[in-house]
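Participant: with the sequence up front, the predicted model follows.
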Amino acid sequence: LWAHILRKDLATNEASSQIPPLAPLDKTGTSMRMLIHDTQANLEKFSARLDSLLQRVDDCRAQVLNANELLDNERDKVLSEILDIANRCQSELKAHVGTPSQAHTLDLVHVSQISTEKTVQALDKRIDGLQTV
């Protein structure tokens, strides 16, 4: 009988001793756990923001590359159009003007100028030779 009564007293004492205290016993440890939890939450927020930012940067990079490719294609098209127009203009001018009447005379003047330059160079060599003697 006494053992049964003593066990009831022990059970009530044990039950009352298992009630957690209102304030934490290890305040420093609790503070560290709170700081670590806050740091982890902030790192997770930062990681999410960084991921979205990097995704936007990748999207912008792809758009810039696409724009550069489009600009290169358009530039090539414009240059080819300009060349075609210039060639057409030149061929039309040749068709309407033909060969200029002064072309033959200009060739003769050019040949004459070349022979005159050769003569002047030969005379310069003779003068240099005379001055060295």
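Facilitator: Thanks, I have the structure now. Numbers count the residues shown, from 1 in each chain.
Participant: okay, CA-based contacts and neighbour counts for the rest of this
Facilitator: Noted.
Participant: quick one: low-confidence ranges for this structure?
Facilitator: 1-25, 98-101 (pLDDT under 70).
Participant: where do the helices sit along it?
Facilitator: Here the chain has its helices, by DSSP state H, at 2-17, 27-97, 103-132.
Participant: could I get those helices as TSV with mean neighbour count?
Facilitator: Compiled in TSV, the helices of the chain are given as follows (neighbours: other CA atoms under 10 Å):
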stretch	mean neighbour count
helix 2-17	10
helix 27-97	12
helix 103-132	11
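Participant: what about T116, distance to G129?
Facilitator: 20 Å (CA to CA, to the nearest Å).
Participant: whoops, I mixed them up, A95
Facilitator: Using CA to CA, we find A95 at a distance of 54 Å from G129.
Participant: now L50
Facilitator: 84 Å.
Participant: again, but for Q102
Facilitator: Q102 sits 41 Å away from G129, going by CA to CA.
Participant: next one: M34
Facilitator: M34 sits 103 Å away from G129, taking CA to CA as the criterion.
Participant: for T30, same thing?
Facilitator: For T30, the distance to G129 equals 108 Å [CA to CA].
Participant: then H110?
Facilitator: Distance of H110 to G129, given as CA to CA: 29 Å.
Participant: do the same with V78
Facilitator: Counting by CA to CA, the gap from V78 to G129 is 60 Å.
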